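# Predicted model, plus sequence, below.
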Amino acid sequence: GEAISKGVTDYLQKETGTEQYSILANRIANAVEKRRAQQEIKTVKRRFDSVLENTTMPMFMKNDRGEYLFVNREYRDLFGLRETEVVGRTDTDLLPPEVADEAQTNDAAVIERGESVEVEERIPIGGEERVFLVTKVPIYDTGTRSDPDDPVAVFGVATDITDQKRQTRRLETLISNLPG
């Protein structure tokens, strides 16, 4: 505050005429607007981070080389991992080979076609195979890398449908065993 005031006073004493006041007022207005814009960006980022971290569905983002850029709390909790154990690694590092291959094939389809996919992926968790309905969408800007024409990343949301699949199999078994 004091240094700015001294600088403004020195500036005003060196300059003459009313133009100096217009220039100074314009600079102050620009600085205030820049500060407001920076605060708004921080607010939007905090809101977005809060939504991603507190949703009950596992979410992730991987770059076009398959390296995880982001995983939310639900994803980390599901696999019992810390963010530092996931970010920068690939499915090959984290999953059994056949599971990693399937996930990478689905990711590649999103990157190559630039279109969303919805696929079932079977993933072993805690000694049990779980079935997830995973929606994967192309991302053209990760914040550190962008391309207006070709996706640079994949964002995914997973829904555990294991229980629904079991119920469907039970119903199918019951129906097939009905007489007549």
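Thanks, I have the structure now. Numbers count the residues shown, from 1 in each chain.

# which strand in this structure runs the most residues?
Secondary structure assigned by DSSP state E gives strand 128-139 as the longest strand of the chain.

# ok, and the closest non-adjacent residue to Gly114?
Using Cβ to Cβ, 6 or more residues apart in numbering and skipping residues adjacent in sequence, the residue nearest Gly114 is Pro138, 5.0 Å away. From N, CA and C alone the C-beta is placed, and that goes for glycine too.

# Tell me where this protein has helices.
2-14, 19-54, 73-79, 83-86, 91-94, 97-113, 162-176 (DSSP state H).

# Could you export those to a markdown table, including columns for mean neighbour count?
A markdown table is the format used below for the helices of the chain (neighbours: other Cβ atoms under 10 Å):
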| stretch | mean neighbour count |
| --- | --- |
| helix 2-14 | 10 |
| helix 19-54 | 11 |
| helix 73-79 | 17 |
| helix 83-86 | 14 |
| helix 91-94 | 16 |
| helix 97-113 | 16 |
| helix 162-176 | 11 |
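
# I'd like those as TSV, with distance to Gly127 and mean pLDDT appended.
Shown next, in TSV, are the helices of the chain (distance: least, Cβ to Cβ, whole Å; pLDDT from 0 to 100):
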stretch	distance to Gly127	mean pLDDT
helix 2-14	63	54
helix 19-54	27	83
helix 73-79	13	93
helix 83-86	19	92
helix 91-94	16	95
helix 97-113	14	96
helix 162-176	13	91
